[in-house]
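# sequence first, predicted coordinates after that:
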Amino acid sequence: MFKPLFTSGSLFLKGVDILLENLFKLKENGTNAKTEMMAGITTFMTMAYILAVNPAILSASGMDSGAVFTATAIASCIGTLFMAFFANYPFALAPGMGLNAFFAYTVVGQMGYSWQVALAAVFVEGILFFILSLTKVREAIFNCIPFSLKYGVTGGIGLFIAFIGLQNSHLVVDGATLVSIYPFKASLASGEFYTTGIGALLALIGVILTAVLMIKNVRGAILLGILITWGLGIIAEVTGIYIPDPAKGAFSVMPDFSNGLYIPSLMPSFMQMDFSYIFTFNFVTIMLSFMFVDLFDTLGTLIGVASKANMLDRQGRLPRIRGALLADSVATSAGAVLGTSTVTTFVESSSGVMAGGRTGLTAVTVAILFLASLLFAPVFLAIPAFATAPALIIVGFLMLATVLNIDFNDMGEAVPGFIAIIAMPFMYSISEGIALGIISYVVINVLSGAAGKKNISGIMYILAFLFVLKYIFV
């Protein structure tokens, strides 16, 4: 009597497998549903911090933090779904770090505009990006970048996100030498170890554990590294070894359900854009600033993550890049409508790629988790920075390996690539690394007389000129 039910269940699962195959071409990309979902979980775990950080930053501009949290989760879900179905790539989108700080502290804080005007600038930026994507301008820019710079950007992003992981875990702190390792011995004497120090130590343990798991080819090693490190943090807090102190950036790792499960209202920020300044020079300046950073952060991320996943073709181009760029632009405008800063492709997508993600099914998994986070925010937000830090550090190492593809016998290729690599972590900006890499590539090869042989694209000359103007006038 149970056979028909069993048969129906089998047919349903088979139908799901066929649907996923038709949508995401899993076999063609050498992957399967289980791997893609695990990769999606990994990506989400490494970027879930945005759900806590973005409301904290944008609330400094006067925005309601609860509304920003909801807008962040929904905008990330929508943008990532666009990426999945427009381009079938395992890349996730969310409000970009740096762009949100520019929104809150520069446009609103320093320039004195309201957050409603800033949202309007983000909305217009997304529309212009959409138009540029349709006209292939963004795609042309991506495709004209030489291989050495693409690999340099990949390595630079690797160092950049590893540095973020080191900072988030407090393994790297301010010091007399600008940065230094966490003072474990001194912190034990002062008692600081039991707040920030234990997190730094657990992050270091997490890096070692994750590396061991990867060496042993354990599937989902990066995700397991996050969960094990978080579990150790919970044990440390329960036993009193870890003492949370929010004032020092050491938060409780235990989920807080004191307020139950609820979704903060979106209304305080929904459709609150102010276009009254749209025809002023300052508004155009603000909008172009958002667009400038978004353009090259997005291109840098796509180049870096795609090259590490071997998604670039023989010419160094990313197939279906137009769909990826369209997803980015539509998500930006949608995010502004919901009430958050520029939505962009996240570097942390590389963690899912390294966990085996190759198709849009990874992105769909991330999108679903962002939507689920609306109900389970206490759980997702309890994952501490020191638990996600090992993933960022390990992924940074893996991305840095791409520099081996740079031809170091050709100084005209190697030096610009090197400049792009070191600029990103030392200047704390992906876009600065791209800008200096492009300028140095053009200038070095022109002055050395190698530009003609390398047939440098006209777009590279234009970009180099515009970047020079940026440093002179901006």
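Okay, I see it.
# from here on, contacts and neighbour counts on C-alpha atoms
Noted.
# so how far is Phe91 from the residue nearest the centre of the chain?
Per C-alpha atoms, centre = their mean, the C-alpha nearest to the average position across the chain is that of Phe346, at 2.1 Å. According to C-alpha to C-alpha, to the nearest Å, Phe346 and Phe91 sit 7 Å apart.
# can you check Pro255 too?
From Pro255 to Phe91 the distance is 28 Å (C-alpha to C-alpha).
# who's more crowded, the two?
Phe91 (35 against 15; other C-alpha atoms under 10 Å).
# distance of the more buried one relative to Ser190?
Phe91 is 43 Å from Ser190, by C-alpha to C-alpha.
# equivalent analysis for Met411, please.
Applying C-alpha to C-alpha to Met411 and Ser190 gives a distance of 50 Å.
# tell me which of the two has more neighbours.
Neighbour count, other C-alpha under 10 Å: between Met411 and Ser190, Met411 has more, with 14 against 9.
# quick check: closest non-adjacent residue to Phe275.
Of all residues not flanking Phe275 in the chain, Ala120 sits nearest, at 5.8 Å (C-alpha to C-alpha, 6 or more residues apart in numbering).
# and the helix or strand hosting Phe85, how far out from the chain middle?
Assigned by DSSP states H and E, Phe85 falls within helix 65-87. Here the centre of helix 65-87 is set off from its chain's centre by 13 Å, with C-alpha atoms, centre = their mean, to the nearest Å.
# and it, what does it pack against?
Applying 3 or more C-alpha pairs under 8 Å, 6 or more residues apart in numbering; DSSP states H and E, one finds that helix 65-87 contacts helix 50-58, strand 93-95, helix 321-338, strand 343-345, helix 360-372.
# nearest to Leu463, out of the ones you listed?
Among those, helix 321-338 comes nearest to Leu463, with 18.6 Å by C-alpha to C-alpha.
# so where do the helices sit in the stretch 1-150 of the chain?
For the stretch 1-150 of the chain, applying DSSP state H, counting those that start in this stretch gives helices covering 3-24, 33-47, 50-58, 65-87, 99-101, 115-134, 137-144, 147-168.
# out of the ones you listed, nearest to Pro319?
helix 65-87 (8.7 Å).
# quick one, the closest one and helix 360-372 angle?
Taking axes from the mean of the first three to the mean of the last three C-alpha atoms, to 10 degrees, helix 65-87 and helix 360-372 form an angle of 160 degrees between their directions.
# what is the orientation angle of helix 65-87 with helix 321-338?
160 degrees.
# pLDDT of helix 65-87, averaged?
The average pLDDT for helix 65-87 rounds to 94.
# which helix runs longest in this protein?
In the chain, assigned by DSSP state H, the helix with the most residues is helix 281-308.
# what packs against that helix?
Using 3+ C-alpha pairs under 8 Å, 6+ apart: helix 281-308 touches helix 99-101, helix 115-134, helix 137-144, helix 147-168, strand 343-345, helix 349-354, helix 385-400, helix 430-447.
# can you put those in CSV and add mean neighbour count and distance to Tyr461?
Listed next are the helices and strands packed on helix 281-308 as CSV, based on neighbours: other C-alpha atoms under 10 Å; distance: least, C-alpha to C-alpha, whole Å:
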stretch, mean neighbour count, distance to Tyr461
helix 99-101, 20, 26
helix 115-134, 23, 19
helix 137-144, 18, 10
helix 147-168, 27, 14
strand 343-345, 30, 26
helix 349-354, 29, 30
helix 385-400, 27, 27
helix 430-447, 22, 7
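# of all those, which one is nearest Asn54?
helix 99-101 (7.0 Å).
# list the contacts of the closest one.
Contact partners of helix 99-101, identified using C-alpha atoms under 8 Å, 6 or more residues apart in numbering, comprise 54, 57-58, 290, 293-294, 341-342.
# ok, stretch 32-41 next?
Contacts for stretch 32-41 (C-alpha under 8 Å, 6+ apart): 20, 26, 90, 220, 223, 351-359, 361-366, 369.
# so, low pLDDT: which residues of the stretch 1-150 of the chain?
Applying pLDDT under 70 to the stretch 1-150 of the chain flags residues 1-13, 15, 138-139.
# can we see that at 80?
Applying pLDDT under 80 to the stretch 1-150 of the chain flags the ranges 1-17, 52-53, 97-98, 101-102, 106, 110, 136-143.
# please verify my assumption that Ile434 contacts Ala420.
Yes - if you go by C-alpha atoms under 8 Å, Ile434 and Ala420 touch, sitting 5.9 Å apart.
# now do the shared contacts for the two.
Contact criterion C-alpha under 8 Å, 6+ apart; residues shared by Ile434 and Ala420: 149, 153.
# give me the nearest residue to Arg320, chain neighbours excluded.
Distance criterion C-alpha to C-alpha, 6+ apart; nearest residue to Arg320, sequence neighbours excluded, is Ala87 at 5.7 Å.
# the one you found and Val403, how far apart?
Distance of Ala87 to Val403, given as C-alpha to C-alpha: 27 Å.
# what does Met460 give?
21 Å.
# any idea which helix or strand carries Leu209?
Leu209 belongs to helix 197-215 when assigned by DSSP H and E.
# now the helix or strand encompassing Leu469 - C-alpha only, CSV.
Counting by DSSP H and E, the element that carries Leu469 is helix 458-473. Extracted C-alpha coordinates of helix 458-473, given in CSV (Å, rounded to 0.1, in the frame of the first residue of the first chain):
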residue,chain,number,x,y,z
GLY,A,458,41.9,52.2,-26.9
ILE,A,459,39.6,51.7,-23.9
MET,A,460,42.7,51.1,-21.7
TYR,A,461,44.1,54.5,-22.8
ILE,A,462,40.8,56.2,-22.0
LEU,A,463,40.5,54.5,-18.6
ALA,A,464,44.1,55.4,-17.7
PHE,A,465,43.5,59.1,-18.7
LEU,A,466,40.2,59.2,-16.7
PHE,A,467,41.9,57.6,-13.6
VAL,A,468,44.7,60.2,-13.8
LEU,A,469,42.0,63.0,-13.9
LYS,A,470,40.4,61.4,-10.9
TYR,A,471,43.5,61.6,-8.8
ILE,A,472,44.1,65.2,-9.9
PHE,A,473,40.6,66.6,-9.4
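# follow-up on the earlier one: would you agree the residue nearest to Arg320 is in contact with Leu302?
No - applying C-alpha under 8 Å as the test, Ala87 and Leu302 come out as separate, 12.0 Å apart.
# name the residues contacting each of those two.
By C-alpha under 8 Å, 6+ apart, no residue touches both Ala87 and Leu302.
# check which residues of stretch 28-35 are buried.
Buried positions in stretch 28-35, judged by neighbour count with 16 or more other C-alpha atoms under 10 Å: 32-33, 35.
# and the end-to-end length of it?
First-to-last residue span, stretch 28-35, C-alpha to C-alpha: 14 Å.
# can you give me how far it is from the chain middle?
Centroid separation for stretch 28-35 versus its chain: 23 Å, with C-alpha atoms, centre = their mean.
# how about stretch 267-277?
26 Å.
# make 7 the starting number, not 1.
Renumbered: residue one is now 7, and that last one reads stretch 273-283.
# which other residues reach it?
Contacts of stretch 273-283 (C-alpha under 8 Å, 6+ apart): 69-70, 73-74, 122-126, 289, 342-346.
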